[in-house]
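Student: sequence? don't have it. structure:
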């Protein structure tokens, strides 16, 4: 007699520890195999875009911190670049270098968090995550020196940053860059050639590059499929055109490739910061209040600026009606859009790979729901 | 460096393969007639002179007397970008436009978000549901006539219980 099974629908989240926040999925299983997935969003929706409409341009910086809360500096940067384009503000060179250093440090921190939690999802409870978080902690200490805050930085201002780095920041940054390289070496020794990591991540959730492009997926996910698309190189903003760096590509487009690309990008960020330190020049960190007033009042019009965030293309679309608050602000959230192919990645896979695949996307619910 | 299509050049190029689809152009923007959006996007994606294989961003703005759907397109092989806009719901009527999900799958969640928060319907979307808010939520919060909770309680006399009705002034969901 043949034994029959029938599909079971299981609710995962929103309070599941492996959902990287408050993400919920309704998953239909046939035995261990996933037959259908329905993501449910919105548990962290705070209406940031609506809130922005009644705040001044400077006040909104604090809202952007709270979108992707593991890469606040990058959110700040994308938003500030959009304001500068909208209002035609010429930034101060030293401020630009400082915010590039801050943004690259934040990218390393974000990639370390992604890697640590991916390994946690793989079942390596604790150890790799603690290694990654320990290094992120040191980066947050540097942020504390720069602006007094660790997570919700609000460091950037239209035209640059609000405060110059203190003298003790530079030697600390030098030491930290060596430490980061050391930590990445350590992580790679344990993980990049690890048989268990190989067998769990290689060949799972493979996506063809044409599909990724069609679904607007950007960032490390796209580069893990061999597409050379990095906005820092293709559409340089700030002073990225004065920096040379290598884009790390992998062609497998599976969970391992996505892990590998993030680790290598963190290494490249260290090189970028070193070049920034060489080229930084003394001067003002932001224009004087005569040139850029505290209350920015851009002319009527709209502006869209996208930067290479830690998760992909992070864009801000601002519409001004000439007043002190934007008429409309829209965030092109890479975390949300990178989930477009979640069903394609999961269906047909095994239950055990579900959270690994989910972790390899590297999303942040604060940015998904806004 | 990414080249940005100027509005007039792009409008001319679009008119060449899809006559009578452009409303106006200016700066780097092209305003399309809403009924021609599918034809134009299909052409922009597949024709060799454009090759816009990625839809970077899709959003909408409420201009009180009409809504504007904004498309930011990127071409990876040509490293170029373009901005398309389309006015819908003139006179604040029922706003709808054809979905571009059959052309770019990346529009999926973004169109759902616009429907959820701005209330513009996307005809032909495979899963036309709210995304951030729950089904049955009254109104679309990013519309300019949406009355927020704070506004609804500020408009009543002190000491009274406040306005329990939270939603659009005209109550449409």
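Tutor: Received, thanks. Just so it is clear, the structure is predicted and the values come from calculations on it, not from any experiment. Residues are numbered from 1 along each chain as shown, chains lettered A, B, ... in the order given.
Student: please count neighbours and contacts with C-alpha atoms only from this point.
Tutor: Noted.
Student: burial measure for residue B:38, as a count.
Tutor: 17 (other CA atoms under 10 Å in any protein chain shown).
Student: again, but for residue A:206
Tutor: 18.
Student: try the one 4 residues further on
Tutor: For residue A:210, the tally of surrounding residues (other CA under 10 Å) stands at 13.
Student: how about the strand or helix carrying it: buried residues?
Tutor: Element membership for residue A:210 (DSSP states H and E) is helix A:209-214. Residues of helix A:209-214 classed as buried: A:209, A:211-214 (neighbour count, 16 or more other CA atoms under 10 Å in any protein chain shown).
Student: gap between the two ends of stretch A:270-286?
Tutor: Using CA to CA, to the nearest Å, the end-to-end distance of stretch A:270-286 comes out at 25 Å.
Student: my bad, stretch A:240-248
Tutor: Start-to-end, stretch A:240-248 (CA to CA) is 16 Å.
Student: that one near chain B at all?
Tutor: No. Against chain B, stretch A:240-248 shows no contacts by CA under 8 Å from any CA of the partner chain, the least distance being 9.1 Å.
Student: give me the contact list for that stretch.
Tutor: A:223, A:228, A:230, A:232-233, A:261, A:264-265, A:268, A:271-272, A:275-276 (CA atoms under 8 Å, 6 or more residues apart in numbering or on different chains).
Student: of the residues you listed, grab the buried ones for ChimeraX.
Tutor: In ChimeraX, this line selects whichever of the contacts of stretch A:240-248 come out buried by 16+ other CA under 10 Å:
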select /A:223,228,230,232,233,261,264,265,268,271,272,275,276
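Student: check whether the residue nearest in space to the middle of chain B sits in a helix, strand or coil.
Tutor: Most central residue of chain B, judged by C-alpha distance to the mean C-alpha position with CA atoms, centre = their mean, is residue B:69 at 2.6 Å. Here residue B:69 is strand, with the state taken from DSSP: H, G, I helix; E, B strand; the rest coil.
Student: please list all residues in contact with the closest residue to it other than its chain neighbours.
Tutor: Nearest in space to residue B:69, with sequence neighbours left out and distances taken as CA to CA, 6 or more residues apart in numbering or on different chains, is residue B:60 at 4.2 Å. By CA under 8 Å, 6+ apart, the contact list for residue B:60 reads B:67-70, B:114, B:118.
Student: of those, closest to residue A:197?
Tutor: residue B:114 (39.6 Å; CA to CA).
Student: does that closest one really touch residue B:128, like I thought?
Tutor: No. Counting by CA atoms under 8 Å, residue B:114 stays clear of residue B:128, with 10.7 Å between them.
Student: of these two, which one has the most company?
Tutor: Taking neighbours as other CA under 10 Å, residue B:114 and residue B:128 compare with residue B:114 leading, 22 against 18.
Student: what's the spacing between the helix or strand containing residue A:114 and its chain's center?
Tutor: Secondary structure assignment for residue A:114, by DSSP H and E: helix A:93-122. Between the centre of helix A:93-122 and the centre of its chain there are 8 Å (CA atoms, centre = their mean, to the nearest Å).
Student: C-terminal to it, what's the next element?
Tutor: Downstream of helix A:93-122 (by DSSP H and E), the next one is helix A:127-147.
Student: residue A:251 should be in a helix, yeah?
Tutor: No. With three-state DSSP as the criterion, residue A:251 is located in coil rather than a helix.
Student: separation between residue A:314 and residue A:54?
Tutor: From residue A:314 to residue A:54 the distance is 22 Å (CA to CA).
Student: on that earlier part again, so what strands line up beside the helix or strand harbouring the residue nearest to residue B:69?
Tutor: When elements are defined using DSSP H and E, residue B:60 is found to belong to strand B:54-62. Strand B:54-62 sits in its sheet next to strand B:67-75 (antiparallel), going by DSSP bridges.
Student: so residue A:330 lies in a helix, does it not?
Tutor: No. Read with three-state DSSP, residue A:330 is strand and lies in no helix.
Student: if we can go back for a sec, looking at the contacts of stretch A:240-248, spot the one nearest residue B:93.
Tutor: For those, the nearest to residue B:93 is residue A:230 (41.2 Å; CA to CA).
Student: so who does that closest one touch?
Tutor: Applying CA under 8 Å, 6+ apart, the residues near residue A:230 are A:219, A:247, A:308.
Student: count of neighbours near the residue nearest to the first one when sequence neighbours are not counted?
Tutor: If I follow you right, that is residue A:219. Counting by CA to CA, 6+ apart, residue A:312 is the residue found nearest to residue A:219 once chain neighbours are left out, at 3.5 Å. Using other CA under 10 Å, residue A:312 is surrounded by 27 other residues.
Student: tell me how far residue A:312 lies from chain B.
Tutor: 11 Å (CA to the nearest CA, to the nearest Å).
Student: wait, that residue touches residue A:220, no?
Tutor: Yes. Using CA under 8 Å, residue A:312 is in contact with residue A:220, at 6.7 Å.
Student: what parts of chain B come near chain A?
Tutor: B:1-2, B:53-57, B:59, B:61, B:76, B:79, B:104-110, B:131-133, B:141-142.
Student: wait, is residue A:340 part of a helix?
Tutor: No. Counting by three-state DSSP, residue A:340 is not part of a helix but coil.
Student: quick one: residues contacting it.
Tutor: Applying CA under 8 Å, 6+ apart, the residues near residue A:340 are A:215, A:217, B:105-106, B:108-109.
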